[in-house]
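1. Give me coordinates for this.
(one chain, ligands or ions: 1)
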Amino acid sequence: MIERIEQLRAEGERDVAGAATTAALEEARVRHLGRRAELPNLLRGVADLPPDQRGQVGRAANQARQALEAQIAARAQELEGAELDARLAADRVDVTLPGDPPQPAGRLHLLTATRREIEDVFLGLGFTVLEGPEVELVHYNFDALNHAPNHPARDRTDTFYVGEDLVLRTHTSPMQIRAMESHPPPLYVVIPGRVYRRDSDATHTPQFHQVEGLAVDEDITLADLKGTLLAFARAIFGHEREVRLRPHFFPFTEPSVEVDVSCFNCTEGHLRDGSRCALCKGTSWLEILGAGEVDPNVYAYVDDERYDPERIAGFAFGLGIERIAMLRHAVPDLRLLYDNDLRFLEQFG
Ligand code: DAH
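-> I've put the predicted structure just below:
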């Protein structure tokens, strides 16, 4: 009897060790410890044995059963772990992989990138960004900006008229008036946008972009204008730049200036090899914008007594985005910006 028990135990151990899956292990368990298996039956029959055999047989059968149960539990753990690992490996999806096929990311057009850079500089200086209409009243485009009734820019050969009193704005300056009409001083704004003129050659397109600037506060002087534009010039063209103000005329500023930035391409008009700098044409200065102190006459067009030229003062400036982009990147022809040739555009941004 004891021998049979040892034999059953050995057979059970071999089967359990050989089970390669949890299903095979369960079959082995039923075969050796299930209700109809020999070992459990043997245990149940211990009570019927002669008393002198009961203890020995009972102990041996019990030990065999316990040993098999423990072995099955250990083997089950091993197999479950391995099967989970296999499932995880088979199901692995890397959600961080790029989609298929990868989409080209694209990039900003040079003019968009330049506009945003200019906006960022002025935002950093405390200005707010505004926008305004491209179809504009003659009142805002010319009259309220102090243009004389016979000013040549009003001519139909220079300006696109949409109606008797309506033009495609020729500059962003009309937004000076609109900004003052809708916001009391102090006012610090920049206004980017499209403008239109009847002009077309290597440096003029019928549609182009400007950024207008306007600061109105108590005690604004030309020195504030110069400091602001110096900060702008250094942010855009490099921290070693200087700016220069030259007297000029605009109907809506008094005094008016044209502003130059020192050339970033040469030293005093000459390249290292001694030849003349083509960018500044040997002058060592690059004209970048028009500006001035807001003409007191302009405030009279703003129907708001808080814009009283006796109590406030302001500066204004207007720059061409194309010009800034072309200077910075040595773009030889303005029309390249509008040809949509990717071989050109992909060099930027
Ligand atoms: N509006 C002018 C133009 O298009 C540029 C300009 C000059 C704007 C002087 C200004 C300014 O605000 O003060 O040529």
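
2. ok, the residue in the stretch 1-150 of the chain positioned nearest to the ligand - how many residues close by?
-> Proximity of the stretch 1-150 of the chain to the ligand (C-beta to the nearest ligand atom) peaks at Leu145, 8.0 Å away. The C-beta positions use only the backbone N, C-alpha and C, and glycine is treated the same way. Leu145 sits with 24 neighbouring residues when counted by other C-beta atoms under 10 Å.

3. helices or strands up against the helix or strand hosting Gly55?
-> In this structure, Gly55 sits in helix 51-91 according to DSSP states H and E. In this structure, helix 51-91 makes packing contacts with helix 2-18, helix 22-33, helix 38-44, judged by 3 or more C-beta pairs under 8 Å, 6 or more residues apart in numbering; DSSP states H and E.

4. Which single residue of the protein ends up nearest the ligand?
-> Of the chain, the residue with the smallest distance to the ligand, taken as C-beta to the nearest ligand atom, is Gly318 at 2.5 Å.

5. and that residue, that one's in a strand?
-> Yes - in this structure, Gly318 lies within a strand as judged by DSSP: H, G, I helix; E, B strand; the rest coil.

6. Tell me which helix or strand comes right after the helix holding Gly55.
-> As assigned by DSSP H and E, the chain's next helix or strand after helix 51-91 is helix 110-124.

7. can you give me how far that following helix is from the chain middle?
-> For helix 110-124, the distance between its averaged C-alpha position and the chain's averaged C-alpha position is 13 Å (C-alpha atoms, centre = their mean, to the nearest Å).

8. Also stretch 2-19?
-> Averaged over its C-alpha atoms, stretch 2-19 has a centre that lies 70 Å from its chain's centre (C-alpha atoms, centre = their mean).

9. quick one: contacts of that stretch?
-> The contact list for stretch 2-19, computed with C-beta atoms under 8 Å, 6 or more residues apart in numbering, reads 24-25, 27-29, 31-33, 38-39, 42, 56-57, 60-61, 64, 67-68, 71-72, 75, 79.

10. From those residues, keep the buried residues only.
-> Neighbour-count burial (16 or more other C-beta atoms under 10 Å) applied to the contacts of stretch 2-19 gives 25, 28-29, 32-33, 39, 42, 57, 60-61, 64, 68, 71-72, 75, 79.

11. For Leu123, give me the pLDDT.
-> Looking at Leu123, its pLDDT reads 98.

12. Same question for Gly99.
-> Model confidence at Gly99, given as pLDDT, is 75.

13. if you skip the residues just before and after it, what's nearest to Tyr299?
-> Tyr307 (4.5 Å; C-beta to C-beta, 6 or more residues apart in numbering).

14. my read: the one you found touches Pro185, true?
-> Yes - taking contacts as C-beta atoms under 8 Å, Tyr307 lies within contact range of Pro185: 6.5 Å.

15. neighbouring contacts of the lowest-mean-pLDDT helix or strand in the chain?
-> Lowest by mean pLDDT, DSSP states H and E among the helices and strands of the chain is helix 38-44, with a mean of 86. With C-beta under 8 Å, 6+ apart as the contact definition, helix 38-44 has outside contacts at 1, 4-5, 8-9, 12, 32-34, 57-58, 61-62, 64-65, 68.

16. Could the C-alpha coordinates of it be exported in CSV?
-> In CSV, the C-alpha atoms belonging to helix 38-44 read as follows (Å, rounded to 0.1, in the frame of the first residue of the first chain):
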residue,chain,number,x,y,z
GLU,A,38,-6.8,7.0,-7.0
LEU,A,39,-4.9,8.9,-4.2
PRO,A,40,-7.9,10.8,-2.8
ASN,A,41,-9.9,7.5,-2.9
LEU,A,42,-7.2,5.8,-1.1
LEU,A,43,-7.3,8.5,1.6
ARG,A,44,-11.0,8.2,1.9
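
17. start at 7 instead
-> All right, first residue 7 from here; so that's helix 44-50.

18. Could you tell me how far that helix lies from the centre of the chain?
-> The offset between the C-alpha centroid of helix 44-50 and the centroid of the whole chain comes to 76 Å, using C-alpha atoms, centre = their mean.

19. got the residues of the chain near the ligand?
-> Those residues of the chain that sit near the ligand, judged by C-beta under 6 Å from any ligand atom, are 177, 179, 218, 256, 259, 296-298, 322-324.

20. repeat that for 8 Å
-> Those residues of the chain that sit near the ligand, judged by C-beta under 8 Å from any ligand atom, are 151, 176-179, 182, 201, 216, 218-220, 256, 258-259, 262, 295-298, 300, 321-326.

21. Tell me which entries of the residues you listed lie within helices.
-> Among the residues of the chain next to the ligand, the members found in helices (DSSP state H) are Gln182.

22. Can you tell me the closest non-neighbouring residue to Tyr344?
-> Thr211 (6.2 Å).

23. Contact partners for that neighbour?
-> Taking C-beta under 8 Å, 6+ apart as the definition, contacts of Thr211 comprise 205, 328, 340-341, 344.

24. who wins for most neighbours among these?
-> Within those, most neighbours by other C-beta under 10 Å means Glu328, with 21 neighbours.

25. check which helix or strand covers it.
-> Under the criterion of DSSP H and E, Glu328 resides in helix 327-335.

26. Now do that helix against helix 116-130, angle only.
-> In terms of direction (axes from the mean of the first three to the mean of the last three C-alpha atoms, to 10 degrees), helix 327-335 departs from helix 116-130 by 100 degrees.
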